[in-house]
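J.: Need a 3D model of the following:
(4 chains, ligands or ions: 2)
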Amino acid sequence: MSDAILTGYNVHTEEDRQKMLAAMGKSTIADLFTEVPEHLRVSGLLDLPPPLNEWELERHLRDLANQNATTLDTLSFLGAGAYEHFVPSVIDAIATRGEFLTAYTPYQPEMAQGILRFLHDFQLTISKFLGLPAVNCSVYDGATALAEAAWMTCRITGKRRIVVSASLWPDYRNVLETYLRGRGVNLITAPTDEATGQIDEAALATLIDEETASFLFQSPNRFGVVEPMTRIGQLVKEHDCLNVMASYPMIFGLMKNPGQAEVDIAVCEGQCLGLHLNAGGPYLGIIATKTEYEMHLPGRIVGQCTDLKGEEALALVKEEREQHVARHEATSHICSNQANLALRALIYLCLIGEQGFRNVADLCVQKAHYLEEKLTALGGVSRVHTGPFFNEFLLTLPKPATEILATLREQDIFGGVAVTDLDPAAPDNQLLIAVTETKTKADLDRMVECLAAAL
Amino acid sequence: MSDAILTGYNVHTEEDRQKMLAAMGKSTIADLFTEVPEHLRVSGLLDLPPPLNEWELERHLRDLANQNATTLDTLSFLGAGAYEHFVPSVIDAIATRGEFLTAYTPYQPEMAQGILRFLHDFQLTISKFLGLPAVNCSVYDGATALAEAAWMTCRITGKRRIVVSASLWPDYRNVLETYLRGRGVNLITAPTDEATGQIDEAALATLIDEETASFLFQSPNRFGVVEPMTRIGQLVKEHDCLNVMASYPMIFGLMKNPGQAEVDIAVCEGQCLGLHLNAGGPYLGIIATKTEYEMHLPGRIVGQCTDLKGEEALALVKEEREQHVARHEATSHICSNQANLALRALIYLCLIGEQGFRNVADLCVQKAHYLEEKLTALGGVSRVHTGPFFNEFLLTLPKPATEILATLREQDIFGGVAVTDLDPAAPDNQLLIAVTETKTKADLDRMVECLAAAL
Amino acid sequence: MTPKSIFKKSRPNVSGASIVDADFQLGESIGVCCEAEDLRDAPIGLPELSEIDVVRHFTNLSRQAHGVDNGPYPLGSCTMKYNPKRNDKLAMLDGFGKVHPYQPSDSMPGVWSMLWNLQTAIAEITGMDAVTLQPAAGAHGEFTGLLVMKKHFEKLGQTNRKVILIPDTAHGTNPASAAMCGFTCKIIATNSKGLMDLDAFEAHLDENVAGLMITNPSTLGLFEENIEHIAKRIHDNGSLLYYDGANLNAIMGLIRPGDMGFDIIHINTHKTLSTPHGGGGPGAGPCGVKAFLEPYLPTPVVRPIDGVPAPDCNRPESVGKVKMHFGHVEVLVRAYCYILANGAIGLKTATENAVLNANYMKHQLADLLPAAFPQNCMHECLLHGGSLKVRGADFVKRLIDFGVHPPTLVGAGCVHFAEEFDEAMLIEPTETESIESLDFVIEQFRKVAREAAVAPYMIETAPHSASTAKIIHNEAVWMSIYDPND
Amino acid sequence: MTPKSIFKKSRPNVSGASIVDADFQLGESIGVCCEAEDLRDAPIGLPELSEIDVVRHFTNLSRQAHGVDNGPYPLGSCTMKYNPKRNDKLAMLDGFGKVHPYQPSDSMPGVWSMLWNLQTAIAEITGMDAVTLQPAAGAHGEFTGLLVMKKHFEKLGQTNRKVILIPDTAHGTNPASAAMCGFTCKIIATNSKGLMDLDAFEAHLDENVAGLMITNPSTLGLFEENIEHIAKRIHDNGSLLYYDGANLNAIMGLIRPGDMGFDIIHINTHKTLSTPHGGGGPGAGPCGVKAFLEPYLPTPVVRPIDGVPAPDCNRPESVGKVKMHFGHVEVLVRAYCYILANGAIGLKTATENAVLNANYMKHQLADLLPAAFPQNCMHECLLHGGSLKVRGADFVKRLIDFGVHPPTLVGAGCVHFAEEFDEAMLIEPTETESIESLDFVIEQFRKVAREAAVAPYMIETAPHSASTAKIIHNEAVWMSIYDPND
Ligand SMILES: Cc1ncc(COP(=O)(O)O)c(C=O)c1O
Ligand SMILES: Cc1ncc(COP(=O)(O)O)c(C=O)c1O
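T.: Ligands and ions are numbered 1, 2, ... in the order given. This is a model prediction of the structure:
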C-alpha cells in the first residue's frame, strides 16, 4: 500500500509521483533534494508514534479531553480575566464554515470581501463600544494588547517612562515587563488604596512627571474593583500624559465608554465575547485609540477604498505601519492575529445586540452582588475592599483559600481563584470569586451552602 | 419588553406589528383571526414550561444527554441492525452546512443543483454498490424499505402472497406486517435450518407457488449468519417469483452485489454509512431495483434533463409515481425522505473509497472472528450456528444472557443484545455479539476476560 | 451548468481515509464471511478521492443550494422558517448521538425523559391525550394515525368502514396514506369560499365512512370556519376526524385541533417545530390521539413506568411497529428545544407573526396578484396570477435571479389545486421574516411584474443567474442504467 | 459590490438572544457597579438583528471568501494546505474547550499531557531539546526566541551583542521582532544563486553580533546549501543561529534544523502543521531551543513533574511571560492531531509531495514563467513574470476569475523581495493538491497568458467575476472616524 493511502492527507499515489517525476525528467524523489547535503538528511524515520487512523486519533484525544474537569461538570466561579459567559451556538456554526476557517489573511481583497467586511464591522463595533474611532483587526490577547499600547505611548510621545497601576492582573504586568524590557522603558508602579481597592489618586498625581509617556490601569482591577474611570481620566489629562485603560468588555454594558473618560488607548481581553475558555487560548486582544494615533497602531487595519468601477470596496490599508513594509521600524511585529475570533466577537455582539448586552452585564452584576451579600453574611468572611465591583470580588476567609477550595472541589465546585495562584506573595486567605449570567440562583445558593460548610 | 425579544425567534417588535397591521387597515392581531370562532381560541396560554434562554436550554439538554450511557464511555458490542462504525468528521462538517441543512426538497431545480447532484450521485453510488440500476433518494429506514419493496412486488406481479424468511430481524418482520396489513397480503414464513442458521432451502422450494409475488430474506440474518445469496437467487428464479434481499451494506465490501445474485429488489439500512447511532434514528432506508421495475419505486428520483441552453441539468423526475401526482394510486405515500442522510452516506463512501470500504469490511470480519474464537474457547460457550458470519454472531451461554450482560455492564461493557430483547420467545441464554472496525485487539481481549469472569 | 458528478473526479487508488489496524493483517480471513461463490470478484466502482477533494466537492455543491440560511423561502405549505442553530448543536450531543437503540433501557433515561416531555408538550399544543413520536415524517404520521383509526373500527367490529373522505385540496400524502392502509378515498369538492363543500360532504357521509381527513387551515391557507359543525356530523355518523397538522404553524398556541373536535392528528416537526428539512428530510411526524384510541398507538409507547419515563413494549392492542426503534430522536431533540425556547408565549407570538406576515404579503401584493379569496388568510395566502403578462410558472423563475425562492405553484412542489388555480401562487412567508425581508420579497415581485410588461422574454427564459438555465421538465430522461465506465 | 455592513441591517429593539433570568429583575442594581458618573448615559450603538438575520448575513459573507476548502490556494510562503476537519472537531471537545485556565492544574492533566506530547514531537521534528508552545503566532515565536537569545548573552555578560543579522529576503516579522527585543538589525544581501551572500555575511560578523536569523529554505524557496559553514562561522563567533521555521513544510521529516546547527527555532502551526488560518489567525508559534537555553524559556514550562506532565512556574531564569496562560490550546490540539495522524512516515511523505508539487509546477510553467533560479526549488518556486505581456500584479488578478487564488507578489502579502523580482511570483502549491489540481492551476496560468497576448485589457481590468471589481489600493481611505448615524 502506498503512503498516500496510509496517511490520508497525502494525495499522490506512488504512480502519481512517478508520473510527475518523469515529466520533469527525474527518477526519484531524492533527485529533488540534491541541494541538501546528504549527511544532513534524517536517516530513516523520525521517532514519533505510529500514524493513527481517524477513530484511533479520536479515541486518544477523547481520552485526553476526558481527563480534564470542565466548567460543564464543575460549578465554576473562576475568573481573573477569563470568564464563562454563554456562547451562542450560532457562533460555532458560522465561524467554523470552511470559507472563513480555511482562508488566509485577505491579501487578495477581490476574493475576500466577506472576510474584510467582518473585520471592518468588527473594527466599527469595537469603536462604538470603546468610544475610540481607530481600531485594528485584533492582537494576540488582552495582555499583549496592553503591552502594544504601552509601546505606542512611547512612540507617540518619544518618552520612555510609564506609570502603571499596581492593580493590574499580575500576568498583565509580567507580559508588559517582558515586552518592554528590550525597549529600555522605565516602569513605575502607582499604589492602590488599601481600603477601597482603587488607585491611590493622590499618590498617582505625584508619580506622573514630565518624562512620563503614559499611565496604564486596569478596570475592573486585580481585586475585581471598578476604578473611577472618569476621575482617573481627568487626573491623567491634567498631568498631560497619555491614559491607557485595560478592561473587561462586559462592563461597558452598564458603564460609559473609555472614549468618554479621556482614555487615549483602550485595550480589552475579548474572550468574554463569544469565545470558549479553551484552557487559556486562543483569546482576543482588542485595541482602540484616537484617530490622531492611528498610525501607531500595531497590526492589520481594514479600510474602505474603491474598485475600478468606483464602487465601495474593502482592503487592508495603512500597511506602511506594518512589519512587511516598515520592517524593523514597524509599530509591531504582529502578522497573524486573531481574525477568526474577531469574527466570533462580532457575531456575539450582533446576536445579543444592544439590549442583550446590557442585560448580560446587568445579570452579572446582580448575581455577583447577590452572592457577595450571602457570603459576607457568613462568619469570618468579609470583602477585602469597599470600592464598587462588577462581577468579581475578593474575600478574606478565616482559613487558607486553598483549603476551602479543596473542600469545595469535593462538591464539584471550583470556588474561585486563590490569589496566591496569581501572585505567590499575596495573602493566602484571600479568594477571588467571579459570577456570570450563566449561574442560576440555585447555583449561587449551593455555593453559599458549600462554602459555609467548608469554613 | 416585547415578545420579540423574549423568545429570540420572533423577529417583530410590537411596533413592527402595529405598523404592519396599520398598513392593512387593521388594528389588532385578533382582527386577523375573525374567521376563527371565538370559543375555539385558547384562553390565555398553553400549559408549557416557561421559555428558556439559550444557556438554560443547553444546560437542560446536557443534563438529559448526560443521563445516557454512550458507546463512547461503554465498550459496546451491540448490533442487531445498528452498528457503531466510525463516522469521519468531514461528514458532520459538510452535512450540517446551512445550505444543505436548511433547504427544502429541490422543487426548484435551478436553485438546487448542488442538492440534486448529491442525490443523483447517491443514487449512482448505491446502484454500483447493489448492482441494480434503479435507485431512489431514500426511504425512512431499512425496515420500511423492506416493506416498500414487498409492496412493490405485489404491484409488479399483481399477486398478494409473499414468502418471508423466518430469520428477518424481528422488528423488520413487525414493520412488514404493519405495512401490509391493510393491503390484504398473505405472508408465509420460510423456516431456518437450525444447524447452519441459513434458510432451509428445501423447505423454501416447497413454499413458493404460482401465487407467490416474492421471496424476502435478510443477510446477514437475525442470527448474524450470512445467507448463500447466489444459491437463494437461483432457487427463487427457478420458481419464477421476485427475489427481495435486505442487507447490511458493509458486507458488499467483500461480497458480490445483489444484482449479481439474481436479486430483483435490494434494500439496506444505511445507518452504517456515516450516520451516528442517534438512539435509533433517523436512519437511512435504501432501495434499489432493476430498470424494468423503476416505475414501481416509492419516493423521489433525481434524473438528468437539459436546460434551455441544452446543457445537462438535474431535476426530480418520474413524479407520476408519487403521491402528489398519483395520489391514492401512488407507489407510496412517502414525501419527506432522508435526503440529508443520503448525503452523509455519499460523503462516507467517497471518503473511504473503494479500498477503504473493503478494508472496513475486512477488519469487521477479522475482529469479529477473532472475538468469536476466543469466546467459544471458554467453557460452556458455543456458537449456535455453523453458517458463515460477517461481524455478528450468536452464542449460547451457560446462563441467562441478561445475567451475563448485567455483570459486563459493571465493567462498562455493553456485551451484546440478549435475543429475548428482540423476541421475547427466544431462548434466554443466547447472546448476539457485534464487532466493528473501531474495536481494538485490547478491547476484544478485555471483553473475553470480562465475559469469562461473568460465566 | 450543473456541477460535475463526483465520479468524474475519482482518481484510482486514492482514498481519503486510512483504514488499517496494526494488530490485524488486511485480507487474511476474507473467505470466512460467506459462501465462496458469493465473494466479490470485481471492484465496486466507488469514487476514490483524497479528503481535500471530497471537502471541496461538497463545499462547492453546498454553494449551489438555497436554504433558509441563504434568504427568503416563501414556499407555500412548506413553512421554511428559521431552524435554530442551538437545536442542531444540542441534537448532536454525544449523549443523544452516540446512544445505541439496543442499549438497556435503563442506560438511557435521558432519552426517555426527552421523548416523554416532548410527547406531553405536543399533547398540550394539539389538545390530544396521547402522542407517539415514532413516525418518520408527515406522511408516516398519517399512516400511523389511519392505522389507529382502522384498528378502532376493527375493535368495534365495523369492518364496513372502509372510506376516508378527503377534500380535493388535500396534500397527496393523504389519499396515498389512506390507500396504504387499505382505505378507499372519496374526494370532496371545495366551494367558492375556498372551504369544504358541505353538501358534497353530506352526500358522501354514510355508514361506510371511517373518517374525514382534513387540514385546517387548508392548503389554500384558509381557516375551515365550519369545523365544529363538520366534527359534529362526523361524530354523529360514528366516524372519526383526522387532522393533517402540516399547517399547525398557523394556529399553534391559539387554537388546538383537539378542541375543534379532531380525534387523531399528526404534525410535521420540520414545518411547525423548526427542525431543518435537510434538502428533503429527515423529518418527524408525531401522531396524537384522543384517550380512547391510545391503546392502538404503535409499539413501544414511552410513558412513566413507576414514575420514570421508559418504553412500554407490552401493547397487545397496538397497531404494531411502524418503523424501527423510537422515532427520529435527533430530529425530535430539535423540536423539543424549539418548544422549550419559546414557551407558550413564544409559540403564540410565532403563530401570530406567521399569520400577520402572510396577510401583509397578501395585502401589499393585492394590486398585482389579487387574493384568491377575500377573507383573512392564515399562515399562507393563495394569490391569482391570471393578470400577469406571463405565465405564473415563468414569473416565479425570474424571482430566483433576485434571490427569492419561488412560492409554490401547481406542479412545482407537492400541493394540489383545482384547475381554476392553475396560475395561482401559494405564498408562505413564515414568521421569521422581518418587515424588511417581506418588503424586499414584495419589491422583487413588483420588479418582475414591471419587467413582464416590457420584456416578457427575460422572464420566460429565466433564471439567468442560477447555476443552470431554465430546466425543461418534460424532456427529463432518467439515466437509470449506469454507465459502467462512469 | 462589497457586501453591506451589518450596521445597515440593524433594526431597533430587535435582538436575537433573550437574556433574562426569572429570579433576577433586570435593571435593579445597576448603580452598584461603578461610580455614578461612570454610568452609561447613551446607547452603545450595537447592531440589533434577529437570529435569522445574523445567520443570513454571515452565511452570505462566507460565500464571498475563498479558503482552502474552496479551491487551489498557491499563495507562496503561506502553505495553504488542507486543514483536516477531524482536527477542528477534536479541538472543540468540551474537555479542551470548556476548561478554565485557572482551574487547579491537577484538574486538567489531559491538557498537560497533550501539550507535553506535542512539545516532545516538535522537539523531535526540529531536532531541538526543549519547546515552549506559548507563542501566539510565528512573529511571537520569533520574539520569544530572540528574548531567549538576549537572556543568554545577558547571562554571559555580553551585553554588547546587540546586532541581529538578517538576510534581505527575510520576512518582515524578523527585523520587527528583533527591534522589539532591542536588537539592531543588519541586513545581508542575497547572491545571484538566490542564497545568502557569504562575503556580506562575513563583513558583518563581529563581536557585537548576537545571532543570525534565517529561514531555510528561504523565502525564495531555495535550500541554503552553505548552512553548515554558516553555522560554524556563527558559533565560532560566539553568536547563535536562529531558524524561522515558517518554511518547515519543505523539510519536515527529512532534515532537522537542530541538525543543521540552529540553536533556536520557531514554527508556524498554521503553515506546517495544518492548523487553519481563520482568515488571519489565530495561529501558534511554538519555539524550540537547544538544552543550554532551556532555562530561559517563558514561564510556565510544561514538563513531567513526578512523572506527570504539569506546568512549572518556578523558572527563575526565564525571560518571563510572553502572553497569558499556556498558548493557543485550541490551535495546538489541531497541530498535535496532525502529527499523530501522519506519524513519521506521513510527515515525510507530505514533505516530499510538497517539494514534488512545487518543482512540478515550476517545470510545467517554465516556458511561460521561467524560474528565477535554476536549481531544484523546495516547497515553493519563484518564477519570473518579466516576459508576460502584462504586469504580474494584473496577471494574477485574472486567475481569480478562473477559481485560482493568486500566488504571492511583492506588495500583495508579506514577503519581501529584492527589486529585480518586482514581477516575480512565488508559488506554493502545497502537498495536498493532486496532479489534476496542479494541472488545472497550470492551465489557468496558460489561459491568462494566451489572453494577455490578444486582449490585455481583459487582464488589466480583472477580476470580472468577483464580488468587487479590481481594487485600487492607493486610493484607500480608511474611514476611521465612525459615523454616529451608522
Ligand atoms: C398538508 C401536508 N400534509 C402532509 C405533508 C407530508 O409531510 P411529509 O413530507 O413530512 O411526509 C405535507 C408536506 O409537504 C403537507 O404540506
Ligand atoms: C517566513 C515567515 N516568517 C514569519 C512569519 C510570521 O508568522 P505569523 O504570521 O504566524 O506571525 C511568516 C508568515 O507569513 C513567514 O512566512
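
J.: residues in contact with residue 91?
T.: This is for chain A. By CB atoms under 8 Å, 6 or more residues apart in numbering or on different chains, the contact set of residue A:91 is A:274, A:344, A:347-348, A:351. In short, each C-beta sits where N, CA and C put it, glycine included.

J.: I was after chain C.
T.: Taking CB under 8 Å, 6+ apart, one finds C:97, C:330-331, C:333-334, C:337 in contact with residue C:91.

J.: That one and residue B:65, how far apart?
T.: 10 Å (CB to CB, to the nearest Å).

J.: same check, this time on residue A:362
T.: 30 Å.

J.: Where does pLDDT dip in the chain?
T.: Assuming you mean chain A. For chain A, residues meeting the criterion pLDDT under 70 lie at A:1-8.

J.: that answer is for a different chain, and I need it for chain C
T.: Using pLDDT under 70, the flagged stretches of chain C are C:16-17, C:28-29, C:410-418, C:473-486.

J.: Outline the domain layout of it.
T.: C:1-63, C:87-340 (automatic domain parsing).

J.: Looking at those domains, which one is packed in the most?
T.: domain C:87-340 (a mean of 23; mean count of other CB atoms under 10 Å in any protein chain shown).

J.: got the CA positions of stretch C:246-258 in CSV?
T.: C-alpha atoms of stretch C:246-258 as CSV (Å, rounded to 0.1, in the frame of the first residue of the first chain):
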residue,chain,number,x,y,z
ALA,C,246,-48.8,20.2,8.4
ASN,C,247,-50.4,23.7,8.7
LEU,C,248,-50.3,23.8,12.5
ASN,C,249,-47.9,26.8,12.2
ALA,C,250,-51.0,28.9,11.6
ILE,C,251,-52.7,28.1,14.9
MET,C,252,-50.2,26.8,17.4
GLY,C,253,-50.8,28.3,20.8
LEU,C,254,-54.0,29.9,19.7
ILE,C,255,-56.3,27.1,18.6
ARG,C,256,-56.0,23.3,19.3
PRO,C,257,-57.1,20.6,16.9
GLY,C,258,-58.3,18.6,19.9
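
J.: So is that stretch next to chain D?
T.: No. Stretch C:246-258 stays clear of chain D (CB under 8 Å from any CB of the partner chain), getting no nearer than 15.3 Å.

J.: So for residue A:176, what's the nearest residue that isn't a sequence neighbour?
T.: Closest residue in space to residue A:176, ignoring its immediate chain neighbours: residue A:147 at 5.0 Å, by CB to CB, 6 or more residues apart in numbering or on different chains.

J.: just residue A:400 next, same as before
T.: residue A:428 (4.6 Å).

J.: quick one: that neighbour and residue A:401 touch, right?
T.: Yes. With contact defined as CB atoms under 8 Å, residue A:428 counts as touching residue A:401 (6.4 Å).

J.: circling back to that earlier point, tabulate the domains of chain C in JSON lines, adding columns for distance to residue C:429.
T.: Listed next are the domains of chain C as JSON lines, based on distance: least, CB to CB, whole Å:
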{"stretch": "domain C:1-63", "distance to residue C:429": "24"}
{"stretch": "domain C:87-340", "distance to residue C:429": "11"}
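
J.: what's the closest residue to residue A:248 other than its chain neighbours sitting at in phi/psi?
T.: Sequence neighbours aside, residue A:220 is the residue nearest to residue A:248 in space, at 5.9 Å (criterion: CB to CB, 6+ apart). Residue A:220 adopts backbone torsions of phi -60, psi 150, taken as degrees, to the nearest 10.

J.: and residue A:220, what does it touch?
T.: A:226-227, A:247-248, A:251, A:389-390, A:392.

J.: Assign residue A:162 to helix, strand or coil.
T.: strand (DSSP: H, G, I helix; E, B strand; the rest coil).

J.: Please name the bridge partners of it.
T.: Applying DSSP bridges to residue A:162 gives these bridge partners: residue A:187, residue A:214.

J.: my guess is it meets residue A:186, correct?
T.: Yes. Using CB under 8 Å, residue A:162 is in contact with residue A:186, at 7.1 Å.

J.: Of those two, which one has the most company?
T.: residue A:162 (24 against 13; other CB atoms under 10 Å in any protein chain shown).

J.: Roughly how far does the more buried one sit from residue A:231?
T.: 20 Å.

J.: just residue C:106 next, same as before
T.: Distance from residue C:106 to residue A:231, by CB to CB: 63 Å.

J.: you'd agree residue C:69 is in a strand?
T.: No. If the criterion is three-state DSSP, then residue C:69 is coil and not within a strand.

J.: That one: what's its closest spatial neighbour, skipping adjacent residues?
T.: Nearest to residue C:69 is residue B:98, by CB to CB, 6+ apart, at 3.2 Å.
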